[in-house]
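> From the sequence below, what's the structure:
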Amino acid sequence: SLAVWESGVYLTTGLVPERLGSAHRVIAPYQAFATADGHVVLGATTPAAWQTLRALIGPERLPDDDPRWRDPASRRAHAGELAAIIEAVTRTRTTEAWIADLETARIPCGRLNDYAQVFADPHLEARGLFVDLPHPALGTVRAIGSPVHMSGTPPVMRSAAPGLGEHTRAVLAEAGLSASDIDTLFASGAAR
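Residues are numbered from 1 along each chain as shown. Below you'll find the model as predicted:
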């Protein structure tokens, strides 16, 4: 796979693969694009989806005879230019308008939500994705629960995420360090 190949390149050459943000490393376009009021993630992953996306963006902006767009490899090689062209158009309408058109066109898509939008999502609430958990300093905090809900073994979350270093001593003891070794680590600043 590409990830394995990139890992090998990094290990053998020390070259870190470039950051691509939300963009896919192999397929273009497949990433988040700014809209008039947020972001939409879309992916033209098949020839049919590409042609449909071209029609939505405007064939004059992505001409069929332009060698940059002729095949998936060419689109990936010119992914930055392609993304700029697409985003110039996606910025002109709302996320909801784009999602409606993309879904109708059967192009994989979705809204890129911030935390407030995630916690306000009625579908996620109905699916039981959120849990209210006790926290020693903050009282009750809302957290994201397990997305896996099996009837025989429902997920159980008993407490909020631990504070920084809250379980360090217990983890080090479980790893086999003695109490005096743990004290030494804390005294030296190597653990907290």
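
> residues in contact with the residue positioned nearest the centre of the chain?
Compute the mean C-alpha point of the chain, and by CA atoms, centre = their mean the closest residue is S22, 6.9 Å away. Residues touching S22, when contacts are defined by CB atoms under 8 Å, 6 or more residues apart in numbering, comprise Q31, A32, V41, L112. C-betas here are computed from N, CA, C, even on glycine.

> can you confirm the third one is in a strand?
Yes - counting by DSSP: H, G, I helix; E, B strand; the rest coil, one finds V41 located in a strand.

> Roughly how far does it sit from I99?
According to CB to CB, to the nearest Å, V41 and I99 sit 10 Å apart.

> what's the overlap in contacts for the two?
With CB under 8 Å, 6+ apart, V41 and I99 have common neighbours C109, G110, R111.

> Restricted to strands, list these.
Among the shared contacts of V41 and I99, the ones falling in strands (DSSP state E) are C109, G110, R111.

> out of the contacts of S22, who has the most neighbours?
Q31 (22 neighbours; other CB atoms under 10 Å).

> Give me the distance between it and G110.
12 Å.

> got it, and A143?
Separation of A143 from G110 (CB to CB): 22 Å.

> Can you show me the helices along this structure?
2-13, 47-57, 72-77, 79-90, 95-104, 115-119, 122-126, 168-174, 179-188 (DSSP state H).

> circling back to that earlier point, now the common contact residues for Q31 and G110.
Contacts common to Q31 and G110, judged by CB under 8 Å, 6+ apart, are V41.

> Would you list the phi and psi of L62?
phi -130, psi 70 (degrees, to the nearest 10).

> so it makes contact with W69?
Yes - in this structure, L62 is within contact of W69 by CB atoms under 8 Å, at 5.4 Å.

> what residues do the two have in common as contacts?
Joint contacts of L62 and W69 (CB under 8 Å, 6+ apart) are R54, L82.

> By neighbours, which of the shared contacts of V41 and I99 wins?
C109 (19 neighbours).

> For it, give me its contacts.
V40, V41, L42, G43, W98, I99, L102, E103.

> The last one: neighbour count?
Neighbours of E103 under the rule other CB under 10 Å: 12.
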